[in-house]
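[1] Dropping a prediction and its sequence here:
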Amino acid sequence: MFINGDALAAKNLPVPQTFEELLVTAKAVKSSEMSGIAMRAQAGGNSSPPAMGFVFSYGGAMVKDNKAVFASSEAIAAVEMYGQLLSQAGPVGVGSYEWYHVLDDFLQGRAALAIDSSNFATDISNPARSRVTKQAQFAVFPRVPGRTPVPFMSHWQACINSKSRNKRAAFLFLIWATSKATSLQTAAAGLATTRVSAWSSDGFKKAFGSQAAEAALTNLQNADVDRAKAILFHPQSRPILDAFMIGVNEVVNGEKSAKDAMTGAAERANAAIRG
């Protein structure tokens, strides 16, 4: 979670920790010049990571036993909160927002709060790209009271093509590229890797920013790998995610209730799974 500290300080508000606090804070700081919060809401699977973090944190899942399960009461409550945040405190036209809209709004001081990829921290902390470097703050993913937050976790992957003529060389390269030593060097350049040791290193904290690095590491440790893998590695991952975000978009735009939207989305996703 990215915070414009000046916007919250002007209203004498602390950094929100729960989803309800986030909603209250986002609504309080919203103005004609600045939205209260920016998050992805475009009707396509690429926009799904923040919303999936809401679903997981409310106790829901995306896929279980080869079925889309985001019509559960937990997922419906999560999407309802997501819709309230963006419809009541989000920017104009947020239904078309992808990650680059979210990042640009925050960099330009047009959003008081934002939730998206931890990698954004390097841009936010770069005065050559950001107007809010001095007032930017970083915090862990919000939570339901009494529960630990469960942000969605994913990362880019390097793979070896099954038809490669140089599998051994490619494998040896990947061993080097993902080794602890190489990861520490990569982290020192401010790039996130898949190793906790790299995220915890002094070099990464210096390049990424200590507050952002601490928040990102906490989010990484709170993430549920199994729930993330269930959707990421599903053979019908893309149509499932597309169906999910079409439903989220309908809620954000006020076209349907969260219950109706998620019920329809799960039906479409399960139809895709059945083929």
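    On my side now, so go ahead. Since the model is a prediction, treat every value here as computed from it, not as a measurement.

[2] residues touching the most centrally placed residue in the chain, list them.
    For the chain, the residue sitting closest to the mean C-alpha position, by CA atoms, centre = their mean, is Pro50 at 3.3 Å. For Pro50, the contact set (CB atoms under 8 Å, 6 or more residues apart in numbering) comprises Met39, Arg40, Tyr82, Ile115, Asp116, Phe152. Yep, even glycine has a C-beta here, placed from its N, CA and C like the rest.

[3] show me the contacts for the first one.
    Same thing as Met39. Contacts of Met39 (CB under 8 Å, 6+ apart): Pro50, Ala51, Tyr82, Leu85, Leu86, Gly90, Val94, Tyr97, Val102, Ala114, Ile115, Asp116.

[4] pLDDT score for it?
    Met39 is assigned 98 on the pLDDT scale.

[5] so what's the backbone phi/psi at the nearest residue to Ala207 once chain neighbours are set aside?
    Distances taken as CB to CB, 6 or more residues apart in numbering put Gly190 closest to Ala207, at 3.5 Å, once the chain neighbours are dropped. When quoted as degrees, to the nearest 10, the phi and psi of Gly190 stand at phi 90, psi 10.

[6] Can you give me the distance of Gly190 to Asn119?
    9 Å (CB to CB, to the nearest Å).

[7] just Ser48 next, same as before
    Distance, Ser48 to Asn119, using CB to CB: 17 Å.

[8] Kindly report the same for Val251.
    As judged by CB to CB, Val251 and Asn119 stand 27 Å apart.

[9] neighbour-wise, which of these two wins?
    Using other CB atoms under 10 Å, the more surrounded residue of Val251 and Asn119 is Val251, with 28 against 17.

[10] dump the residue contacts of the more buried one.
    Under the criterion of CB under 8 Å, 6+ apart, the neighbours of Val251 are Val79, Glu80, Tyr82, Gly83, Ser87, Ser257, Ala258, Ala261.

[11] what's the burial count for Leu23?
    Leu23: 19 neighbours (other CB under 10 Å).

[12] And the pLDDT for Lys27?
    At Lys27, pLDDT is 98.

[13] That one: what's it in contact with?
    Gly36, Gln88, Ala89.

[14] What is the worst-scoring helix or strand of the chain on mean pLDDT packed up against?
    Lowest on mean pLDDT, DSSP states H and E among the helices and strands of the chain sits helix 196-199, with a mean of 88. Contacting helix 196-199 under the criterion 3 or more CB pairs under 8 Å, 6 or more residues apart in numbering; DSSP states H and E are the following elements: helix 180-188, helix 210-222.

[15] Give me the buried positions along it.
    Residues of helix 196-199 classed as buried under the neighbour-count rule (16 or more other CB atoms under 10 Å) are Ala198, Trp199.

[16] List the contacts of it.
    Here helix 196-199 makes contact (CB under 8 Å, 6+ apart) with 180, 183-184, 186-187, 192-193, 204, 213, 216-217, 220-221.

[17] Please list only the buried members of those residues.
    Members of those classed as buried by 16+ other CB under 10 Å are Ser183, Leu184, Thr186, Ala187, Ala192, Thr193, Phe204, Ala213, Ala216, Leu217, Leu220.

[18] With pLDDT and distance to Lys167 as extra columns, can I get those residues in JSON lines?
    Below are these laid out as JSON lines (pLDDT from 0 to 100; distance: CB to CB, whole Å):
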{"residue": "Ser183", "pLDDT": "94", "distance to Lys167": "23"}
{"residue": "Leu184", "pLDDT": "95", "distance to Lys167": "27"}
{"residue": "Thr186", "pLDDT": "91", "distance to Lys167": "24"}
{"residue": "Ala187", "pLDDT": "91", "distance to Lys167": "28"}
{"residue": "Ala192", "pLDDT": "78", "distance to Lys167": "27"}
{"residue": "Thr193", "pLDDT": "81", "distance to Lys167": "23"}
{"residue": "Phe204", "pLDDT": "91", "distance to Lys167": "31"}
{"residue": "Ala213", "pLDDT": "92", "distance to Lys167": "35"}
{"residue": "Ala216", "pLDDT": "91", "distance to Lys167": "33"}
{"residue": "Leu217", "pLDDT": "90", "distance to Lys167": "34"}
{"residue": "Leu220", "pLDDT": "90", "distance to Lys167": "30"}
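
[19] hmm, back to that, among the contacts of Pro50, name the ones in helices.
    Among the contacts of Pro50, DSSP state H puts Tyr82 in helices.
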